[in-house]
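**Q** Sequence below, structure please.
(one chain, ligands or ions: 2)
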Amino acid sequence: MSQNPALKKALMLSRNIDLADLTGGIMSQPTQHVLLIAPVMDALQQQLDTHYTVHRLYQHSDAVAWLADNGAQIGAVVTRGDIGVTTAVLENLPQVGVIAIFGVGTDAVDLEYARRRDIAVTITAGALTDDVADLAFGLLLSSARQLCQGDRFVREGRWLKESSALATQVSCKRIGIFGMGNIGRAIARRASGFDMEIYYTDRKVDSSLPYHWCEDVLSLASNSDFFIVAVSGGKASYGIVNRQVFEALPKHALVINIARGSIINEQDLITALQNGDISGAGLDVFANEPNVPSALIEMDNVVLQPHVASATHETRQRMSNIVFENVQAYFNGQILPHRMN
Ligand SMILES: NC(=O)c1ccc[n+]([C@@H]2O[C@H](COP(=O)([O-])OP(=O)(O)OC[C@H]3O[C@@H](n4cnc5c(N)ncnc54)[C@H](O)[C@@H]3O)[C@@H](O)[C@H]2O)c1
Ligand SMILES: O=C(O)[C@H](O)COP(=O)(O)O
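**A** Ligands and ions are numbered 1, 2, ... in the order given. Okay, the predicted model is just below:
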């Protein structure tokens, strides 16, 4: 056993090491097997394949049988934020010490279970913030200035025959941000550049922020010309943007969601759009991806994206690097650089 305190600490943070072994016995090494729950970027898969034995759970038709036979050798799980990993899978991985998420959402992982098992969870915080905030603003501008309608108007040759409709101004309006975390703050910074009046709500006020605090989501809604959902998903926010919120919004309001489909009650959103309780929506995420309700697809005042807020070459490469760094640190017995639990 090393007497170097830094190395000893790093080894203790590597959760697959039997602490009893740190007292001087034979030290057990984490197994060098990675379980991939869903496909990730090709470059990351190649990097993992080069260094470790990678098992692709999604390629096994009988995943339950495969896990029963092979789960004991897995040291690290790699997955996506929207897919996560089920507790039933983790129960078959007695040696697993890290879940490395390609993304920042942890709503598809039972963090309480991971804590009880002392399984580290790592995320790609910081790597995607700007891209997601950019897409939120892209959706806001597309919805308000009717960019998709204008594009269709030109392509369909209608400009030759008629005038296009007037749109809605963005600058100097009120933006309500639900969830003032990394992405919410990046959206607020962009909104400042548009001279917007910024309102927000979160679990608690941050008095260092120069924005208007709202006690709850309903009071935020009543102060929003543009209502942006940037809160984390999971049980606490499930369906929280519902009929009451749509009724509290002004009728001219636009709703943008770049966080998780589960946060909005999708049927209530469709009803609010059909009834004219709000004037439109810009959505990157949905309740049951990749299935999008036909009612939304048919509406001209809704802009739809296929969950691509972080999908740029630059950001996905940074996310890949972070996932690999964490897997590597884990198998090398080092402190995990992006651990969140
Ligand atoms: N569309 C995409 O591709 C994409 C990409 C990245 C992130 N996301 C989603 O965006 C979410 C936000 O990302 P982030 O990096 O800003 O995360 P973050 O952890 O920095 O911020 C989340 C904020 O939500 C707040 N919050 C959580 N639950 C709440 C509740 N019930 N009520 C009020 N506030 C609550 C937290 O206090 C925190 O400030 C992620 O959890 C993820 O699901 C989506
Ligand atoms: O692919 C995704 O789901 C996002 O780009 C990143 O994941 P997250 O939404 O969980 O951060």
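**Q** Now do the helices in the stretch 101-250 of the chain.
**A** Remark: helices assigned in the stretch 101-250 of the chain by DSSP state H, counting those that start in this stretch are 111-117, 129-145, 147-155, 182-193, 217-222, 243-248.
**Q** Out of those helices, which gets nearest to ligand 2?
**A** Closest to ligand 2 of the helices of the stretch 101-250 of the chain is helix 129-145 (Cβ to the nearest ligand atom; 7.7 Å). All C-beta atoms are positioned from the backbone trio N, CA, C, and that covers glycine.
**Q** Just checking that closest one against ligand 2, any contact.
**A** No. Using Cβ under 6 Å from any ligand atom, helix 129-145 stays clear of ligand 2, coming no nearer than 7.7 Å.
**Q** Could you list the buried residues of that helix?
**A** 129-144 (16 or more other Cβ atoms under 10 Å).
**Q** same deal with stretch 103-114?
**A** For stretch 103-114, burial by neighbour count (16+ other Cβ under 10 Å) applies to 103-110, 114.
**Q** swap in stretch 204-224?
**A** For stretch 204-224, by 16+ other Cβ under 10 Å, it's 211, 213-214, 217, 219-221, 223-224.
**Q** measure the residue nearest to S224 when sequence neighbours are not counted to G97 for me?
**A** Distances taken as Cβ to Cβ, 6 or more residues apart in numbering put G176 closest to S224, at 3.0 Å, once the chain neighbours are dropped. As judged by Cβ to Cβ, to the nearest Å, G176 and G97 stand 41 Å apart.
**Q** Please say which of those two ends up with more neighbours.
**A** More crowded of G176 and G97, by other Cβ atoms under 10 Å: G176, with 26 against 23.
**Q** I'd say the more buried one and S219 touch.
**A** No. Using Cβ atoms under 8 Å, G176 makes no contact with S219, being 9.3 Å away.
**Q** Overlap in contacts, those two.
**A** Common neighbours of G176 and S219 (criterion: Cβ atoms under 8 Å, 6 or more residues apart in numbering): T201.
**Q** could you measure the closest residue to ligand 1 within the stretch 101-250 of the chain against G105, distance?
**A** For the stretch 101-250 of the chain and ligand 1, the shortest gap (Cβ to the nearest ligand atom) falls at G181, measuring 1.7 Å. Distance of G181 to G105, given as Cβ to Cβ: 11 Å.
**Q** where does the stretch 1-150 of the chain come near ligand 1, residue by residue?
**A** Residues of the stretch 1-150 of the chain found near ligand 1 (Cβ under 6 Å from any ligand atom) are 103-105, 128-129, 132.
**Q** at 5 Å instead, please
**A** Neighbours of ligand 1 within the stretch 1-150 of the chain, by Cβ under 5 Å from any ligand atom: 104-105, 132.
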